[in-house]
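Novice: Prediction below, plus the sequence it came from.
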Amino acid sequence: MTCPVCSSALKSIVVQSVMLDACAKGCGGVWFDKNELDRFDSQAEAAGSDLLKQLHPQMVPANTSAPRTCPKCVKYKMQKRFACAKRNVGVDSCPGCGGFWLDTGELARIQENWQTDAERFQAFDSMFAQEVVPLMAAEQARVEGSAQVFGKIDSVLKFIRPSYYIRGK
Ligand SMILES: [Zn+2]
Ligand SMILES: [Zn+2]
């Protein structure tokens, strides 16, 4: 496949057992087939670091807003779409095959989101341990065996559960 940005030949790279096509000798962009980006997005930040380490961009794409042709289908122009759960990074996506093209800067920004998710995850875990677990224990002791317990716990969780836990459309 040919890079949709700088026309260099794309090179296959394997990151966390996912095979991707990267513009390793040109602009440093990466092509993700349909569903490959989802697999990546749900991984820990280590996947992002591994990927960035394998890319050595020689040049930065000059025009990031011009329409690009899908490197896989060739006949389709790609469209801007949101690539991660936080929906703040717009990347090129092919309406034909559903693949994604990410520029180097976009990868770094998605990686920042992974780090934020990890922090939020940790914050939730410690809050859960400090506030919810004792509450559950107290409730359980008070009305042992009652179905009431579960209703109360659920209504507490509803307010503190971060959006990370209800990810998905
Ligand atoms: Zn390129
Ligand atoms: Zn395509």
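Specialist: Structure's in. What do you need? Residues are numbered from 1 along each chain as shown. Ligands and ions are numbered 1, 2, ... in the order given.

Novice: can we go C-alpha only for contacts and neighbour counts from here?
Specialist: OK.

Novice: From M136, how far off is V18?
Specialist: From V18 over to M136 the distance is 41 Å, taken as CA to CA, to the nearest Å.

Novice: Ok, C70 next?
Specialist: As for C70, its distance to M136 is 52 Å (criterion: CA to CA).

Novice: more crowded one of the two?
Specialist: Comparing C70 with M136 by other CA atoms under 10 Å, the one with more neighbours is C70, at 27 against 15.

Novice: That one against P4, yeah?
Specialist: Yes. With contacts counted by CA atoms under 8 Å, C70 reaches P4, the gap being 6.6 Å.

Novice: so what's G29 closest to, chain neighbours aside?
Specialist: D103 (4.2 Å; CA to CA, 6 or more residues apart in numbering).

Novice: One more: L51?
Specialist: Nearest non-adjacent residue to L51, counting by CA to CA, 6+ apart: V15, 6.0 Å away.

Novice: So which residues of the chain form helices?
Specialist: Assigned by DSSP state H, the helices in the chain fall at 36-41, 45-54, 104-127, 133-142, 148-160.

Novice: which strand residues sit across from the closest residue to D50 other than its chain neighbours in the sheet?
Specialist: Excluding the flanking residues, the one nearest D50 by CA to CA, 6+ apart is V15, at 6.4 Å. Assessed by DSSP bridges, V15 has beta-bridge partners V18.

Novice: give me the number of residues near Q79?
Specialist: 18.

Novice: ditto for the one 3 residues further on
Specialist: Other residues lying near F82 total 14 when counted by other CA under 10 Å.

Novice: For G90, see how far away it is.
Specialist: For F82, the distance to G90 - CA to CA - is 4 Å.

Novice: still on that earlier bit, and the residue nearest to G29, what does it touch?
Specialist: Residues counted as contacts of D103 (CA atoms under 8 Å, 6 or more residues apart in numbering) are 27-30, 61, 91.

Novice: what's the pLDDT at it?
Specialist: Listed pLDDT for D103 reads 86.

Novice: Could you tell me which ranges of this structure sit under the pLDDT cut-off?
Specialist: The chain contains residues with pLDDT under 70 at 38-49, 56-64, 83-88, 111, 114-121, 123-124, 127, 143-169.

Novice: Show me which residues of it sit near ligand 2.
Specialist: Contact residues (CA under 5 Å from the ion) of the chain with ligand 2: 70, 72-73, 94, 96-97.

Novice: ok, those vs ligand 1, which is closest?
Specialist: Nearest to ligand 1 out of the residues of the chain next to ligand 2 is C70 (CA to the ion; 12.6 Å).
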